[in-house]
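Student: quick one, fold the following:
(one chain, ligands or ions: 1)
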Amino acid sequence: MSATTNHLGFSLIFRHVPAACLIVGTDAPGYTILDVNEAYLLATKSRRESLIGQSVFSVFPDNPGDAASNNTSRSAWSFGEAIRTGETHILANYRYDIPVPGTERFEERYWTATNTPIKDESGKVIYLLHSPADVTEYNRLATNEAASIAELRSHRLQLEVAEERARLAMASSGLGMFDVNFDTGELVTSPQFDLIFGFDEPRPYEDYKLAIHPDDRELRLEAHRESMVSGRLFYEARVAPPSGPERWIRAEGKVFFDVNGKGLRLLGTVLDITSERMAAVEQQKLISLADNSVDLMSILDLNGVNSYINQAGRNMLGFVSEEDVKRIPVSDLHAPEEYDRVRTEILPAVIRTGRWSGMMMVRHIYTGEVFPVFNNCIRIDDPVTGKPVAIGAVMRDMRPELTAKKALADSEQLLRNITTAAPTALWMTNAALEMVYINQTWLKWTNSHYTDNMKGGWLHYLHVDDREKVIDRFRSVNGRTNFYDVDFRIIHADGTVHWCTASGQPQYDDNGEFTGYIGACVDITEQKSLQQQKDDFIGIASHELKTPVTSIKGYTQLLEQMLTDKGDLREAALMQRMDKQVNRLTNLIGDLLDVTKITAGKLQFNETVFDFNPMVRELVEDLQRTTVRHTLVEHYEEAGFVYADKDRIGQVITNLISNAIKYSPGSDEIVIRTCRQDNHIILSVEDFGIGIAREKLERVFEQFYRVGGEAQQSFPGLGLGLFISSEIIKRETGKIWVTSEPGKGSTFSFQLPILD
Ligand code: ADP
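Tutor: Residues are numbered from 1 along each chain as shown. Just a heads-up that it's a prediction; the model follows:
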C-alpha cells in the first residue's frame with residue numbers, strides 16, 4: 001500500500017467517523033482549519049467550504065450575545081497546551097452556543113473538547129485534531145438533581161454517584177461540589193465551588209489547580225494520589241485567587257471505581273474554612289499571650305473547677321502539669337478561712353456584679369506558702385444566651401512589690417533616723433531655690449515647725465543683720481553650678497546666738513537639668529569663739545609686748561651711744577646687733593597688732609595725695625642698704641599721683657621686697673617695676689627665688705598661711721605680711737596678685753587707682 005493510498009484511506013475514515021473532528025494547523029494565533037469531517041459539520045450546522053482555509057476563531061467567534069464568554073481564548077490556550085506538552089489536552093465543559101439556522105437566535109450548548117497533537121517522525125507537532133463533544137445533555141442532568149437521579153437510575157454506578165451527590169448536597173449547604181470524570185477528564189463544579197475558588201463561572205480544571213496556593217499544590221496532589229488508593233480524598237489547603245484575599249479550604253471526596261478497580265469518577269465537596277482557621281490562629285495567639293504574661297490568668301468553671309491556668313500561674317501556685325490544673329480542687333489554693341471568703345463573698349460577687357477586684361491570699365500547693373495577690377475577676381458570659389459560663393481571673397503576685405516597698409520604707413526610715421540624728425542641719429531646695437526639705441536638727445535649733453521653713457520661710461530664723469547677706473549669696477548662686485557657702489547667725493530657742501556655716505551641692509537629673517541644692521548647715525559657734533579668743537589673745541599680747549619692747553629699744557640705742565662715746569667699739573657693735581633683733585621683734589609685734597586691728601575692723605588709714613614713683617625710689621634706696629647680696633633693679637615708667645595712706649602703701653612695698661629678698665637666697669637680683677595701665681598704677685616685685693606651687697598661690701594672702709615644704713622650712717616668719725598687705729590694698733580699692741613658678745621665682749604685683 002502506497003503512502004498516498006494510505007493517506008486517502010485515512011482521509012476517508014476521518015471524514016466518516018461519528019465523532020466531530022477538525023484538523024487544525026499549528027499556525028498560532030490563527031489556527032487554520034485544514035479539514036473537517038461530516039459529524040463536525042452536522043454538530044455545528046456548518047458547511048465545509050465556509051470552514052476550510054479559515055481561522056478556527058474567525059468561523060467560530062465568541063457568541064456576540066454573550067459578553068462574558070471567552071471561549072476563543074480558552075480554546076487558543078488549550079491548543080497551545082497540546083502543542084507545548086505534545087499530549088492530548090482536554091477543555092472541559094465550556095459553553096459555546098450555535099446558531100439556529102434560518103433565525104437570528106443561538107442555541108445554548110456545552111462542549112468538552114479534546115485537542116490531540118499529531119506529530120511527524122521527528123516528534124514535531126504538525127496538526128491538531130480538535131474533537132468537541134456535545135455535553136449539553138449531560139450537564140442538564142448533572143445540574144438538575146431530580147432529572148439526573150431519575151435518568152441515571154438504570155445504571156448502578158450512576159445511581160451510586162447520584163446518591164452520593166444527593167447526600168453531599170443535602171448534608172452540606174454552603175459546600176462547593178465537584179465531580180471529576182477520569183475517563184474524559186471532565187470536571188463539573190457547583191456555583192458555590194467556583195465562588196470558593198474566586199471564580200464567578202465554571203472554569204477549566206487547570207484553572208482550579210492553579211488557584212491552589214503554590215506552597216500547597218504538592219500537598220493537594222499527594223491527597224489526590226492517595227485517594228486513588230484509599231477511595232477517600234481529604235486535604236486542607238490555601239486558595240490564592242488572582243484577586244481577593246487568600247482563603248483556606250477543606251476538600252473531601254469519594255472515588256468510584258469500576259469492577260477492575262480503575263478509578264472512574266471523583267465526587268467531592270470543598271468548604272471554605274478560612275474563618276475557622278483564623279479563629280484557631282487567634283485562639284493560639286491569645287493562649288500564647290496568656291502563657292507569656294507574668295500574671296496568673298485562669299478560667300474557673302461554674303462547677304468550681306479550674307479549666308485553665310496559664311504558665312505564670314502554674315509556676316506561681318506550683319502546678320507541675322496542665323492535668324494538675326483540673327485535678328487539684330480550688331480549695332487547695334487557699335488557706336481554709338480565705339477559701340471561705342472566696343466561696344461566700346468573692347465568687348458570689350463576681351456572679352452578681354460581673355467583676356471583683358482586690359487583695360487576697362493564695363497558697364502554694366506544694367510548699368504551703370501563703371502569699372498575697374491582687375486579683376481581678378470577671379464573669380464570662382455566653383455571647384448567645386448571655387448566661388454566665390465561667391469566671392476569669394488575673395492575679396498579680398504582690399510579694400516582689402511588697403518586698404520592694406518594705407525595702408524602700410526601711411531605707412527611708414534609716415535615712416530619716418540618720419538625718420534626724422545628724423548633728424548638722426540638712427536641707428534641700430528645688431530648682432527655684434525654694435526650701436523643700438529641712439531636717440529635725442534645724443527645727444530643734446530654731447524651735448520651728450517644718451512647714452514654716454518651706455519655700456523662703458527658713459530665712460525668718462536667721463539673725464536680722466545676716467538675712468540680706470544670705471539672700472544675696474543665694475541669688476548669686478543662681479548660676480546653679482556654684483558651690484554655695486555662707487556664714488550667718490541664728491537665734492536658738494533659749495535665746496543664744498549661734499554661728500552657722502551652710503554649704504550646698506547643686507543637683508542634676510538624668511538629663512543634666514538642675515534640680516536644686518542639697519546641703520548641710522553646721523554650727524560653728526565654738527570655732528568662732530575660739531577664733532575670737534585667739535584674736536583677743538594676740539591683741540592683748542602684742543599690745544602688752546609693745547611697751548616693754550619700745551623701752552628696750554630706747555635703752556639699747558642709749559647704751560650703744562654711751563659705749564661708742566667711751567671708745568668701747570666692740571661692745572658698741574654688740575649693742576648694734578641687739579638693736580637689729582629688737583627691730584625684728586618690733587616688726588613682728590607691729591604685724592600682730594595690725595592683724596588684730598584688721599579683724600576688729602579698726603585699721604586706721606591716713607590718706608594723702610602723693611607722687612608714686614619718688615616714694616618707691618626712696619623705699620628701695622633704704623632697703624638696698626639692708627642687703628649686700630641682692631641688687632634691687634629699678635624700672636620706673638611715668639606713674640602719677642595716688643590718694644592713699646603713704647605709710648601703709650610703703651609697708652606693702654617693703655613687705656613685698658623683703659619677701660623677695662628672703663625667698664631668693666640663691667639669686668642676686670630683684671626687679672622693681674612701676675607702670676601705668678588705664679586708670680591704674682601697677683607696682684611689681686620680681687624675684688628669681690624658690691617660687692610658689694600653683695595650687696598654693698591664692699592661699700599666700702590668707703592669715704597665718706605659710707607655704708610648707710622643705711625649701712620653705714628654713715625661712716622665719718608668721719605668715720602675716722601678705723595678709724596685711726592684701727587687706728591694705730583692698731581697703732585702698734586696689735588689687736593684689738601673684739604669678740610664680742616653683743624654682744624660677746615669683747612676681748608679686750598690686751594696682752591702685754591713679755588720681756588724675
Ligand atoms: P612670712 O612671714 O611667712 O613671709 P608672708 O605673709 O609674707 O609671711 O608670706 C606668706 C607665705 O608666702 C610665706 O610663708 C612664703 O611661703 C610665701 N611667700 C611670700 N613671698 C614669697 C616669695 N617672694 N617667694 C616665695 N614664696 C613667698
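Student: and the stretch 551-700 of the chain, which of its residues are near the ligand?
Tutor: 655, 659-660, 663, 687, 689-692, 700 (CB under 6 Å from any ligand atom). Bear in mind the C-beta positions are built from the backbone N, C-alpha and C, glycine included.
Student: restricted to helices, list those.
Tutor: 655, 659-660 (DSSP state H).
Student: between these, which sits nearest the ligand?
Tutor: Using CB to the nearest ligand atom, Asn659 is the member of these that lies nearest the ligand, at 3.5 Å.
Student: and the closest one, what is it in contact with?
Tutor: Each residue near Asn659 by CB atoms under 8 Å, 6 or more residues apart in numbering is listed here: 685, 721-722, 748.
Student: narrow those residues to those in helices?
Tutor: Those of these lying in helices (DSSP H): 721-722.
Student: give me the residue from the stretch 301-450 of the chain nearest the ligand.
Tutor: For the stretch 301-450 of the chain, CB to the nearest ligand atom, closest residue to the ligand: Thr424, 32.6 Å.
Student: how about the nearest residue to that residue, chain neighbours excluded?
Tutor: Distance criterion CB to CB, 6 or more residues apart in numbering; nearest residue to Thr424, sequence neighbours excluded, is Ala520 at 4.6 Å.
Student: the closest residue to the ligand within the stretch 601-750 of the chain: how many residues sit nearby?
Tutor: Scanning the stretch 601-750 of the chain for the residue nearest the ligand gives Gly717, at 2.4 Å (criterion: CB to the nearest ligand atom). Using other CB atoms under 10 Å, Gly717 is surrounded by 15 other residues.
Student: tell me who's in contact with it.
Tutor: 662, 706.
Student: hang on, it in a helix?
Tutor: No - counting by DSSP: H, G, I helix; E, B strand; the rest coil, Gly717 is not part of a helix but coil.
Student: show me what Thr355 is bridged to.
Tutor: Careful, residue 355 is Arg and not Thr. Per DSSP bridges, the residues bridged to Arg355 are Ile378.
Student: which pLDDT value goes with it?
Tutor: pLDDT for Arg355: 93.
Student: just Leu559 next, same as before
Tutor: 94.
Student: residue contacts, Glu638?
Tutor: Contacts of Glu638 (CB under 8 Å, 6+ apart): 613, 676.
Student: mind doing that once more with 7 Å?
Tutor: Taking CB atoms under 7 Å, 6 or more residues apart in numbering, we find Glu638 in contact with Arg676.
Student: the one 3 residues further on now?
Tutor: For Phe641, the contacting residues are 609-612, 755, by CB under 7 Å, 6+ apart.
Student: now tabulate the residues you listed in a markdown table and tack on secondary structure and pLDDT.
Tutor: Below are the contacts of Phe641 laid out as a markdown table (DSSP: H, G, I helix; E, B strand; the rest coil; pLDDT from 0 to 100):
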| residue | secondary structure | pLDDT |
| --- | --- | --- |
| Val609 | strand | 96 |
| Phe610 | strand | 96 |
| Asp611 | strand | 95 |
| Phe612 | helix | 96 |
| Leu755 | strand | 87 |
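Student: now list the buried members of the residues you listed.
Tutor: 610, 612 (16 or more other CB atoms under 10 Å).
Student: pick the one among the contacts of Phe641 closest to Arg343.
Tutor: Lowest distance from Arg343 to the contacts of Phe641 (CB to CB) belongs to Leu755, with 102.3 Å.
Student: what is the residue lying closest to Glu434 once chain neighbours are set aside paired to in the beta sheet?
Tutor: The shortest distance from Glu434 to any non-neighbouring residue, by CB to CB, 6+ apart, is to Lys455 (4.4 Å). For Lys455, the beta-bridge partners are Met435 (DSSP bridges).
Student: got a markdown table for the contacts of Asn659, with distance to Leu414 too?
Tutor: Listed next are the contacts of Asn659 as a markdown table, based on distance: CB to CB, whole Å:
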| residue | distance to Leu414 |
| --- | --- |
| Val685 | 58 |
| Gly721 | 52 |
| Leu722 | 48 |
| Phe748 | 53 |
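Student: top of the contacts of Asn659 by number of neighbours, please.
Tutor: If you rank these by neighbour count (other CB under 10 Å), Phe748 sits at the top with 26 neighbours.
Student: isn't that residue up against Leu656?
Tutor: Yes - in this structure, Phe748 is within contact of Leu656 by CB atoms under 7 Å, at 4.8 Å.
Student: overlap of the contact sets of the two?
Tutor: Val685.
Student: residues in this structure within reach of the ligand, list them.
Tutor: Close to the ligand, as judged by CB under 6 Å from any ligand atom, the chain has residues 655, 659-660, 663, 687, 689-692, 700, 705-707, 712, 717-723, 746.
Student: can you say which of those residues are buried?
Tutor: In the residues of the chain next to the ligand, the ones that pass as buried (16+ other CB under 10 Å) are 655, 659-660, 663, 687, 689-692, 700, 706-707, 720-723, 746.
Student: Phe79 falls within a strand, correct?
Tutor: No - under three-state DSSP, Phe79 falls outside any strand and is assigned helix.
Student: who are the neighbours in contact with it?
Tutor: 28, 31, 115, 128 are the contacts of Phe79 under CB under 7 Å, 6+ apart.
Student: do Leu632 as well
Tutor: Leu632 neighbours (CB under 7 Å, 6+ apart): 620, 623-624, 657, 670, 672.
Student: what does it show for phi and psi?
Tutor: Note on Leu632: backbone dihedrals following degrees, to the nearest 10 are phi -90, psi 110.
Student: wait, Tyr445 touches Ile491, no?
Tutor: That one is not Tyr; residue 445 is Trp. No - in this structure, Trp445 is not within contact of Ile491 by CB under 7 Å, at 9.2 Å.
Student: low-confidence ranges in the chain?
Tutor: Within the chain, the ranges that satisfy pLDDT under 70 run 1-13, 17, 61-71, 138-174, 478-484.
Student: could you pick out the longest helix of it?
Tutor: Per DSSP H, the chain has its longest helix at helix 525-566.
Student: which elements pack onto that helix?
Tutor: The contact analysis (3 or more CB pairs under 7 Å, 6 or more residues apart in numbering; DSSP states H and E) places helix 525-566 against strand 497-508, helix 569-600.
Student: and the angle from it to strand 497-508?
Tutor: With axes from the mean of the first three to the mean of the last three CA atoms, to 10 degrees applied, the angle from helix 525-566 to strand 497-508 works out at 110 degrees.
Student: and the residue of the stretch 451-600 of the chain that's closest to the ligand?
Tutor: For the stretch 451-600 of the chain, CB to the nearest ligand atom, closest residue to the ligand: Asp591, 7.9 Å.
Student: about what we covered before: now mean neighbour count too, for the helices and strands packed on helix 525-566, in a markdown table please.
Tutor: Shown next, in a markdown table, are those (neighbours: other CB atoms under 10 Å):
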| stretch | mean neighbour count |
| --- | --- |
| strand 497-508 | 17 |
| helix 569-600 | 16 |
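Student: got CSV for these, with distance to Asn37 too?
Tutor: Output for the helices and strands packed on helix 525-566, formatted as CSV (distance: least, CB to CB, whole Å):
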stretch, distance to Asn37
strand 497-508, 101
helix 569-600, 140
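Student: what's the closest of those to Val642?
Tutor: That would be helix 569-600 among those, by CB to CB, at 20.6 Å.
Student: please identify which of the contacts of Phe641 is nearest to His16.
Tutor: For the contacts of Phe641, the nearest to His16 is Leu755 (146.8 Å; CB to CB).
Student: contacts for stretch 595-605?
Tutor: 535, 538-539, 542, 594, 645, 648, 703, 720, 723-724, 727, 731.
Student: out of the contacts of Phe79, which comes closest to the ligand?
Tutor: Ala28 (112.2 Å).
Student: who are the contact partners of that closest one?
Tutor: Going by CB under 7 Å, 6+ apart, the list of residues near Ala28 reads 79-80.
Student: at 10 Å instead, please
Tutor: Residues near Ala28 by CB atoms under 10 Å, 6 or more residues apart in numbering: 76, 79-80, 83.
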